[in-house]
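Colleague: what follows is a predicted structure for the sequence shown.
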Amino acid sequence: MAPARRAGDLERAALARNDRYLQEFVEALNLCPFAKRCREEGRLVRRVILDDYLLPALLRAAAEVETLPEKQCEVALFLLPGFADGPAALLEVCAEVRRHLRLFHCVAFHPALKADFSTENRAVQFLRRAPDPTLQLVRVATLDRVRGERTGGTVYLGNAAVKDLHLPPSLSEEIARANLATILEHGPATLTNLLQSFAVR
């Protein structure tokens, strides 16, 4: 198979897995109403990074995203289907990318993140078990607006790392409680099976 065709196949497969994760997990379970609106309004940018030299490619992608206006990009997902290392290594990559960002926060997602439901904050990791290692960039200005849209209900950013997004303590606690309640309501085993169904075959 020609390299370009294989790369195209890998990209399409990664996007399809991410579609399922977003629509069948995050949106279907109402973990993050913000995510659906962002996607449907065309403010979600996704890039599949297949480069052998990962960090330079990520920094280029991040620099590109930072040039986009908010109406074109509130959230960016960098999908890394070729990333073979574990969560700790991805967190190091995430930290390096974060150092170069001005307008976005950066959060790491990984299919091998721990399933620890002993506390509300630890349970957040389970919701970040994306089918492929992923970096999520969330625009700071968007988060500021979400903070101001809490009248009449709670805004859940269930697929984001609560502490990493630097939200106010009260909102962080609400999100963490809501996330854990959702996990326990549907059952960790059921949700684990759902997440595993999105994985690379």
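Modeller: Arrived safely.

Colleague: nearest residue to residue 128 other than its sequence neighbours?
Modeller: Of all residues not flanking residue 128 in the chain, residue 109 sits nearest, at 4.3 Å (Cβ to Cβ, 6 or more residues apart in numbering). (Each C-beta comes from the backbone N, C-alpha and C, glycine too.)

Colleague: show me what that neighbour is bridged to.
Modeller: residue 134 (DSSP bridges).

Colleague: residue contacts, it?
Modeller: Neighbouring residues of residue 109 by Cβ atoms under 8 Å, 6 or more residues apart in numbering: 128-130, 133-136, 159.

Colleague: in the chain, which helix or strand is least confident?
Modeller: helix 169-186 (a mean of 78; mean pLDDT, DSSP states H and E).

Colleague: moving C-terminal of that one, what's the next helix or strand?
Modeller: Using DSSP states H and E, the helix or strand that follows helix 169-186 in sequence is helix 188-197.

Colleague: send the alpha carbons of that next one over as CSV?
Modeller: Taking Å, rounded to 0.1, in the frame of the first residue of the first chain, the C-alpha atoms of helix 188-197 are listed here in CSV:
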residue,chain,number,x,y,z
PRO,A,188,-18.1,1.4,35.7
ALA,A,189,-18.1,-2.0,34.0
THR,A,190,-20.7,-1.0,31.4
LEU,A,191,-18.9,2.2,30.6
THR,A,192,-15.5,0.4,30.4
ASN,A,193,-17.0,-2.0,27.9
LEU,A,194,-18.4,0.9,25.9
LEU,A,195,-15.0,2.7,25.8
GLN,A,196,-13.2,-0.6,24.8
SER,A,197,-15.6,-1.0,21.9
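
Colleague: nearest spatial neighbour of the residue sitting nearest the centre point of the chain, skipping sequence neighbours?
Modeller: Centroid-nearest residue in the chain: residue 136, 4.4 Å away (criterion: Cα atoms, centre = their mean). Excluding the flanking residues, the one nearest residue 136 by Cβ to Cβ, 6+ apart is residue 107, at 4.6 Å.
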